[in-house]
Every structure is written in C-alpha cells, then in structure tokens.
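Peer 1: Got a predicted model here, sequence first, then my questions.
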Amino acid sequence: MLVPSSIVLRCFALAMTAYALGIAVGSATAREQSSRSRIVESRQVRDKLFIYGPTDEAMLRAFSAAPQGSSILLASPGGRTDIAIAIGKIVLQNSLSLEVGGVCLSSCADYILPAAKAVKLQSGSVIGFHHNDLLFEYLLRRQQEPADRCLMADVRWLDYLYKVKRLKSEFATLERARRLDVSRVISIPGPNCAFMYTLIKRTLWLPTSDQLRQLWGLSFNGSVCADHPACRRSLLPQVFKPGTRLMVGDDDIVVQEQSKSSPAKLSGSS
C-alpha cells in the first residue's frame, strides 16, 4: 500500500517550510516554539489508519484514538519535540506498529519511529535526523555546561526508550555530531525551559538502511531513499531547496540551483 505522491510531497513541503522558519538549523527546542498553522489529517486506508502532517496536538489526538495493537501508516516532517515524545509514549505503551509512507523527519524519526512495536519503511522513504535531546546533553557535557531540568527529563525518557528497544545512543550523539558537523550547542534560559541552539553545517543526516540497523540498532523491513542512487537523484532535489547541505549516508551532498532548462540536481553524491 503506497502513499499517494501528492501527500508525500505535501509533507516534504511542510518540512521545508519548517526549516525555512528556522526549526532545523540554529533553532530553539520545540518546547519553547509556538504552534504554527499546519494541518494533520487522519483517514482509514484499507486495514491501516493513515496519519500525516506535523507532530502537533492534532497528531497527538489522532494517535490517542488509535486502537491498541493497531498498525498506523505515518508520514511526517516533524515538529514539536514535546508532542513527539508524548506520541512516542503512546506508541510504546499501546504496542502500535508503524509503516512510514514516504517521509519521517526530525522529531518523527527521533521520538516516534523507534517506539513502534514493528517498523516498515516503504521503498524510497526519507528518514532524516538533525539535533535531539541526547545530542544537546552530550554537547553540553563536552562543553562542561549544565543541562536544565526540561532537557534532562527528555533525556531520561530517551534513555529508557533506547534501553527497552536496545538502541545505540552513539547514533544520536557521536555519529550524528560528526555527520552534521556540529560545532557547539548554545543554551539560552527561557521562562520555563532553556532554548537550545546547535551550530551545524548540514541540515539533516539521511542514513542508509545499513546505518539505521548497524549504528542505531533499529529493526525494520523495507529500505530508504539513501540506499538508492536513482532515488537520491530524482527525489531529494524535489524535496530540499537549492543550497541545502545534507549528509546522505556518508556522502556530503548539496542540492544545486535549478535552471529553467534543467531540473535541480545534487552535487557531491556518489
């Protein structure tokens, strides 16, 4: 069961709007971000509930209504970290299975996907990561700076999730810091929790299937776009704005400007 391409591209468009607003690079954590006007939709597609859109209150309500033990078809560009954590807890507690239909980026990939009882990735799915709470805490320790109570509460949840799912924390810290080329994290006190900013050179890391399995320990069926040179060439330039710098697998890629006579292309890809 494939997700319609129009819906996949709509989720990509939401993701790129989010990055343009500063969510991905040099951004505050979502605990302190205001809600943005984006749409979550849920519908029944054959035997699965299909939920797509950003991780916000509407998505939380959709997951809360899912029957225990059910299978959900998911497409999301990410969004609020606190909501994604709440959704991840529902997914874990209710033994929900997830099938990614095209895209799972940012908080979707970090907090929701690993909580699933079983994971299936439709061929060519784009799974992308930037910063998360484990990376923030790792960088603050490296900089010999304290972490605030909100960050540590999220870190404790991720530590628990990683232990239950037998995931490798180095995937979210050492491996990610190297591939995103993170120089430092900046913590700015807020009214409730600190704003966290990372200084990074690459917008996202899109791991290959082997990297997801071997470096993270994620068990799943299917494959990702990063595995296939043809998918990299055809899909990623439709998704990311020209000039976006990505780590795709271990390839440093920049999406090139699109001319009127030729489509956008990638440079630096293998």
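Peer 2: Arrived safely, thanks for sending. Numbering: from 1, shown residues only.
Peer 1: how about the helices in the stretch 1-150 of the chain?
Peer 2: According to DSSP state H, counting those that start in this stretch, the stretch 1-150 of the chain carries its helices in the segments 5-20, 57-64, 81-93, 107, 133-142, 149-165.
Peer 1: so residue 165 makes contact with residue 217?
Peer 2: Yes: between residue 165 and residue 217 a contact is recorded at 7.5 Å, counting by CB atoms under 8 Å. C-beta coordinates here come from the backbone N, C-alpha and C atoms, glycine included.
Peer 1: hmm, back to that, let's have the helices of the stretch 1-150 of the chain in a markdown table, adding mean neighbour count.
Peer 2: Below are these laid out as a markdown table (neighbours: other CB atoms under 10 Å):
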| stretch | mean neighbour count |
| --- | --- |
| helix 5-20 | 18 |
| helix 57-64 | 18 |
| helix 81-93 | 21 |
| helix 107 | 28 |
| helix 133-142 | 21 |
| helix 149-165 | 16 |
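Peer 1: The ones you listed: which one's closest to residue 187?
Peer 2: Among these, helix 133-142 comes nearest to residue 187, with 6.6 Å by CB to CB.
Peer 1: Run the chain-centre distance for stretch 114-126.
Peer 2: Using CA atoms, centre = their mean, to the nearest Å, the mean C-alpha position of stretch 114-126 is found 12 Å from that of the whole chain.
Peer 1: mean confidence score for that stretch?
Peer 2: Stretch 114-126 carries an average pLDDT of 94.
Peer 1: what does stretch 234-249 give?
Peer 2: On average, the pLDDT along stretch 234-249 is 89.
Peer 1: Give the buried residues for that stretch.
Peer 2: If you call a residue buried by 16 or more other CB atoms under 10 Å, then stretch 234-249 has these buried ones: 235-237, 239-240, 244-249.
Peer 1: out of the residues you listed, which are inside helices?
Peer 2: Using DSSP state H, the subset of these located in helices is 235-237, 239.
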